[in-house]
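Participant: sharing a sequence plus its predicted fold:
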Amino acid sequence: MSLGRVKPLILFLLRLTTALSLVPTPQNGLTSNSNYFLITNGTNILNFSVEILVEADLHANSNGSSFQLNCLTPLTSGDEVIYQQFVIQNVPGHSTYAAVATFSGFSLADFVFWDDRQAPFPPLRNNTIPAGSYFKISVINDPAGLVIGGHFEWEIQGLGPKFVDTILINNTNLLNHNVTLHDLSPITACTFDIVGSGNWAYGNFSAGQGTLQYSARSPLRPVNTPLGGFPDLGTGETSNAVYSPMANTSARILYQRWSTGKGSLASMKTR
């Protein structure tokens, strides 16, 4: 179900007082490049997606903005790829674009940039994503559960029709890196951030708020630290975005609020 169509339900759940306990916040808080990790109960995550609804204009004073979905494979799995990144990015003066990258370690030397897709629309006006805009990032799995690409959708108010595209991890990437099975792995944890537009940029947002909807084939559960031996490094980009606490429960669909600047956000119940 589209996130936009369930907005009344989301607002009702936001106002609803829940007796469920909240997951403790991560060590670095619920802000910038630090958010909960979403996991399933001991299985690989399949058909994961995050939908981003902008309910109040998201304005970046500098360095643009990016929506980053970062996915992890346990370090003990033996896979060469341990970190996968799916991004929708807004660089000042450029059209919105999507990108997929994988990492076999935690330095630029371990980085493979597979491809990007740029929407054939004008750049954002005044570095602002208008209220009512909608974005979606979906992870594509093969029958064995390996991640083979990302699917992207967005519709920015006033900047053209809905844009849809898919980026596969294959031999058409920009670095002429021939794909092998070592480039493919399952994922066991995902985390989402709203940050600056790449290259360690700081997203300095003066306004913006909205809702996130997470979904997967199996129930998801938020935790405050990565599992499988991962260090909690966070993506290189940062911002003044903040994210709401989440209830300590499992569901196929989870909601979370986001905003900019300081202040707390109420928790949301799942359905």
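Facilitator: Noted; the coordinates are in hand. Predicted, not measured: the structure shown is a model, and the values here were computed from it.

Participant: which strand is the longest one in this protein?
Facilitator: strand 202-223 (DSSP state E).

Participant: tell me the gap between that strand and the middle of its chain.
Facilitator: Computed by C-alpha atoms, centre = their mean, to the nearest Å, the chain-centroid distance of strand 202-223 equals 7 Å.

Participant: spit out the contact partners of Tyr243.
Facilitator: Tyr243 makes contacts with 30-31, 35-36, 212, 256-258, 265, as judged by C-beta atoms under 8 Å, 6 or more residues apart in numbering. (Each C-beta comes from the backbone N, C-alpha and C, glycine too.)

Participant: how about Leu38?
Facilitator: Leu38 touches 45, 48, 189-191, 214, 216, 220-223, 254, counting by C-beta under 8 Å, 6+ apart.

Participant: roughly how far is the helix or strand harbouring it from the heart of the chain?
Facilitator: In this structure, Leu38 is located in strand 37-39 according to DSSP states H and E. Centre-to-centre, strand 37-39 and its host chain are 12 Å apart (C-alpha atoms, centre = their mean).

Participant: direction included, what does whichever helix or strand comes after it pair against?
Facilitator: Going down the chain from strand 37-39, the next helix or strand is strand 49-62, by DSSP H and E. Sheet pairing here is set by DSSP bridges, and for strand 49-62 it gives strand 128-129 (antiparallel), strand 134-141 (antiparallel), strand 202-223 (antiparallel).

Participant: for strand 49-62, buried residues please.
Facilitator: Residues 49-55, 57-60 are the ones in strand 49-62 that count as buried (16 or more other C-beta atoms under 10 Å).

Participant: then stretch 149-164?
Facilitator: 149-156, 159, 163.

Participant: and it, how far apart are its ends?
Facilitator: Start-to-end span of stretch 149-164 (C-alpha to C-alpha, to the nearest Å) is 14 Å.

Participant: hmm, who's touching stretch 150-161?
Facilitator: 69, 86, 88, 96, 98, 100, 117, 119-122, 124-125, 129-140, 162-167.

Participant: how far out from the middle of the chain is that stretch?
Facilitator: 16 Å.

Participant: same question for stretch 235-255.
Facilitator: Centroid separation for stretch 235-255 versus its chain: 9 Å, with C-alpha atoms, centre = their mean.

Participant: which ones are touching the residue nearest to the spatial centre of the chain?
Facilitator: Central residue of the chain (C-alpha atoms, centre = their mean): Leu69, 2.8 Å from the mean position. Leu69 makes contact with 50, 85-87, 137, 139, 150, 190-192, according to C-beta under 8 Å, 6+ apart.

Participant: pLDDT weak spots in the stretch 151-271 of the chain?
Facilitator: By pLDDT under 70, the weakly predicted segments of the stretch 151-271 of the chain are 171-178, 180-182, 228-234, 261-271.

Participant: next, count neighbours for Gly42.
Facilitator: 7 (other C-beta atoms under 10 Å).

Participant: and for Gly29?
Facilitator: Neighbours of Gly29 (other C-beta under 10 Å): 11.

Participant: need the three-state assignment for it.
Facilitator: Look at Gly29: counting by DSSP: H, G, I helix; E, B strand; the rest coil, its state is coil.

Participant: the helix or strand harbouring Ala101 pairs with which strands, parallel or anti?
Facilitator: Here Ala101, judged by DSSP H and E, is contained in strand 97-103. Take DSSP bridges as the rule and strand 97-103 pairs in its sheet with strand 83-90 (antiparallel), strand 111-118 (antiparallel).
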